[in-house]
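[1] kindly generate the corresponding structure for this input.
(one chain, ligands or ions: 2)
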Amino acid sequence: MISTPEIWAEFFERYYKEELNRLAYKIKTGGDGRSLYVNVVRDLLIFQEGKLAEELLEKPDLVYDHAVKGLMSTSNIYGIALEGCRPRFYSLPTAKKVLVRNLRAEHIGKFVAIEGIVRKVTEVRPRIVEAAFGCTNCGSINMVPQEESQLRMPFECSKCSSKKFVFLPENSVSVDSQRVKIQEYPENLRGGEQPQSIDVVLEGDLTGIINPGDRVIVNGIVRAKPRTVQKKLVHMDLYIDGNSIEILRQEYEEFEITEEDKQKILKIVKDGDIYQKIIRSIAPSIYGHEDVKLAIALQLFGGIPKKLPDGTEIRGDIHVLLVGDPGVAKSQLLRYIHKIAPRSVYTTGKGTTTAGLTATAVRDEVDGRWTLEAGALVLADKGIALVDEIDKMRKEDHSALHEALEQQTISIAKAGINAILRARCALLGAANPKYGRFDRFTPLAEQIDLTPTLLSRFDLIFLMTDDPEESRDRAIAKHILDAHQLGEMLERKRNITLEYSEEMLKAKSKKIEPAIDPELLRKYIAYAKKTVFPVLTEEAKRAIEEYYVSLRSKVKENSPVPITARQLESIIRLSEASARMRLSDRVELEDVERVITLMERCLAQIAVDPETGQFDIDYAFSGTSKKQRDRIMIVKRIVEELESKTDFGAPEEDVLNECEAEGIDREKAKEAIRKLKQFGELYSPRPGFYKVISKI
Ligand code: ADP
Ligand code: MG
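    Ligands and ions are numbered 1, 2, ... in the order given. You can find the predicted model right below:
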């Protein structure tokens, strides 16, 4: 072994002269930071033919101690001892990067690099490294180094051998300490695998610098501690004793896109029919639903996130909601997207962790410290969150979701923890109707447990109804049967005989095979998101403007507003995504037309007031159409007029009669009364009587 404090001092003085002076200056002026950052690959690996680096990585405990001592003995222009300074090693050789799931006994005690996403962080709290105990007999102070989580007492007083002590916190030596949980990247998991995670202990100036959702490389020593269930067990839990953290702020390369991949992608686009090809690459085992598949494809490619000169940030992420009857393959679609989308996180509305969909502060089960934990939307930052049964989400998630979908952040202010986490993700949600099946004659907002404002955050909402229709039913049945039959044949071939020819199986697979191989599609999407930034052409702008104005102008004064500026922005985002899909630098008329057609079909499903047959966005989102709103206002006025008739307010019978006289039938009037009560506009002093709640 070549490592000694002297050789480390030589290394530091040769490669880090300036940093040593800077460190000394900080100590002299009382500035923050006592760390010296050493780039392993760039500097340590070329020193002494890499021997010192190798020894550090293989025997870190011993060698690190040399490095600390060596650092302390280096000289600097201020002539100050670098007392208490710590070398921190980053940029480890690739061979030392270990996936969380591959950590094994052989790694214990080794210096490794772990890369992942920060899932949880605890509060920063002092940890005692050397505890002071006063002897109650002779008064002398005994110092005891602390390594375990339980406070260790002196065996006996070093002066008088007495065994009675009091703990002296002020005389003890503490260091800031924090525990964080690092989880594997969602995008590195193959279909449906559960991500694994590992705890990292951070101390000193490493504390308080990372947040849930950050993507980091943690370099440090793998430690094992016996599991404890009252007694210590022989099974061990691994954790990392953190030495340095690299926060990956820049866009991170999820896959390598080779020149060959690039040529393949360009060819697919050049061969034409790209939209059909992509649609046929999304869940080909699911029959039909082509609009939904196109919408999801647009979502995967995404619009352009923008920062305007006034600082305004506009999201490029597209949010899509699938509402529909049970058994129409909503969940199946989401699971498929989880497999093909780069950076996707799949969860259900109920959530699989305490953090649920968003993020939360919870008490740590181990040491009771407050812990900030990231939920699905934070973990899906820069990706796509797939949330099945989103209507079943917890109440706490509702308001957080508003913020997440529009501002793309999640703020937490709880138990002294204040944090704003990034959640720049697209959301694909699926919801079931409250009453089992969807009813065409009741507005959307009344049928699912999502608030109107939340619904309006979605760029596209699809209604997937399951109405029996013979030709379609037959086609779906055939499709599902063919898929199952093919599956049976493949299994039979795998397990028993080779009686089916390759050609026959290939022919049968054709229908269910994606047009673009999923692996290539992932690369295609990543490539487009990284390299294609289309700009609206004048023609496209005019087309969007025309569409928007024409819809708005169709309505007369005081009639339902069919479309709002929100939908205008959605059209822009979706058009950008459409241009990206064909790798175009310009958003052209064809993109706008494609998107408008899609959006009209969505709106036709959800935003047509069945009473009037007109487009009415309010009907979709608030469950109250313009006509209903007018009716409600009339009913309220009537109650107000009849209110003084009795001490208890307006009698229901009288109100209904008066409504009838004004052309509102009794059932509709009752419905309006119910709504007014629900909105807190009316109250009943006693059953059958109503008063208006006066607003001050
Ligand atoms: P949901 O989540 O909408 O209630 P699921 O995704 O659980 O429905 O789908 C139920 C089953 O029906 C799945 O096995 C799915 O593959 C099948 N299925 C439903 N619609 C189709 C379709 N159009 N094509 C192929 N399979 C379908
Ligand atoms: Mg489902």
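
[2] tell me the domain ranges of this structure?
    5-91, 100-247, 259-466, 532-622, 626-692 (automatic domain parsing).

[3] ends of the first one, what's the gap?
    Length of domain 5-91, first residue to last, CA to CA, to the nearest Å: 22 Å.

[4] again, but for the second one
    Counting by CA to CA, you get 17 Å between the two ends of domain 100-247.

[5] can you list the domains of the chain in JSON lines and add mean neighbour count and distance to Asp517?
    Every residue, glycine included, has its C-beta placed from N, CA and C. Formatted as JSON lines, these follow (neighbours: other CB atoms under 10 Å; distance: least, CB to CB, whole Å):
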{"stretch": "domain 5-91", "mean neighbour count": "17", "distance to Asp517": "35"}
{"stretch": "domain 100-247", "mean neighbour count": "17", "distance to Asp517": "15"}
{"stretch": "domain 259-466", "mean neighbour count": "19", "distance to Asp517": "8"}
{"stretch": "domain 532-622", "mean neighbour count": "18", "distance to Asp517": "17"}
{"stretch": "domain 626-692", "mean neighbour count": "17", "distance to Asp517": "49"}
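
[6] between the ones you listed, which one is nearest to Lys506?
    With CB to CB, the closest approach to Lys506 among these belongs to domain 259-466: 14.8 Å.

[7] how far is that closest one from where the chain is centred?
    Relative to its chain's centre, domain 259-466 lies at 9 Å (CA atoms, centre = their mean, to the nearest Å).

[8] helices and strands of the protein: which one has the lowest mean pLDDT?
    Using mean pLDDT, DSSP states H and E, helix 617-622 stands out as the lowest-scoring helix or strand of the chain, at a mean of 65.

[9] immediately after that helix, which helix or strand?
    Using DSSP states H and E, the next helix or strand after helix 617-622 towards the C-terminus is helix 626-642.

[10] mind giving me the packing neighbours of that following helix?
    For helix 626-642, the packing partners by 3 or more CB pairs under 8 Å, 6 or more residues apart in numbering; DSSP states H and E come out as helix 617-622, strand 650-651, helix 652-661, helix 666-678, strand 689-692.

[11] what residues does stretch 492-506 touch?
    For stretch 492-506, the surrounding residues in contact (CB atoms under 8 Å, 6 or more residues apart in numbering) are 486, 489-490.

[12] make that stretch 280-296, sorry
    The contact list for stretch 280-296, computed with CB under 8 Å, 6+ apart, reads 275, 278-279, 297, 318, 320, 322, 329, 332-333, 336-337, 340, 428, 460, 462, 464, 472, 475-476, 479-480, 483, 511-516, 518, 521, 598, 601-602.

[13] list the contacts of Ile512.
    By CB under 8 Å, 6+ apart, the residues touching Ile512 are 284-285, 482-483, 486.

[14] restricted to helices, list these.
    Judged by DSSP state H, helices contain the following of these: 482-483, 486.

[15] just to revisit the earlier point, export the helices and strands packed on helix 626-642 to TSV and tack on distance to Thr74?
    TSV is the format used below for the helices and strands packed on helix 626-642 (distance: least, CB to CB, whole Å):
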stretch	distance to Thr74
helix 617-622	67
strand 650-651	89
helix 652-661	89
helix 666-678	74
strand 689-692	82
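
[16] tell me the SS of the closest residue to ligand 1 within the stretch 151-300 of the chain?
    Ligand 1 sits closest to Tyr287 of the stretch 151-300 of the chain, with a gap of 3.6 Å, by CB to the nearest ligand atom. Under the three-state scheme (DSSP: H, G, I helix; E, B strand; the rest coil), Tyr287 adopts coil.

[17] switch to numbering from 14
    All set: I'll call the first residue 14, so the last point we hit is now Tyr300.

[18] quick one: which of the ones in helices among the contacts of Ile525 is nearest ligand 1?
    If you rank the ones in helices among the contacts of Ile525 by distance to ligand 1 using CB to the nearest ligand atom, Ala496 comes first, at 7.2 Å.

[19] tell me the pLDDT at Thr241?
    With respect to pLDDT, Thr241 scores 68.

[20] ok so, going back, out of the domains of the chain, which is closest to Ile538?
    domain 272-479 (5.3 Å).

[21] strand partners of the lengthiest strand in the chain, parallel vs antiparallel please.
    Using DSSP state E to define each element, the chain has its longest strand at strand 244-260. Strand pairing for strand 244-260, determined by DSSP bridges: strand 210-216 (parallel), strand 228-242 (antiparallel).

[22] mind telling me which of these the model trusts least?
    strand 228-242 (a mean of 85).
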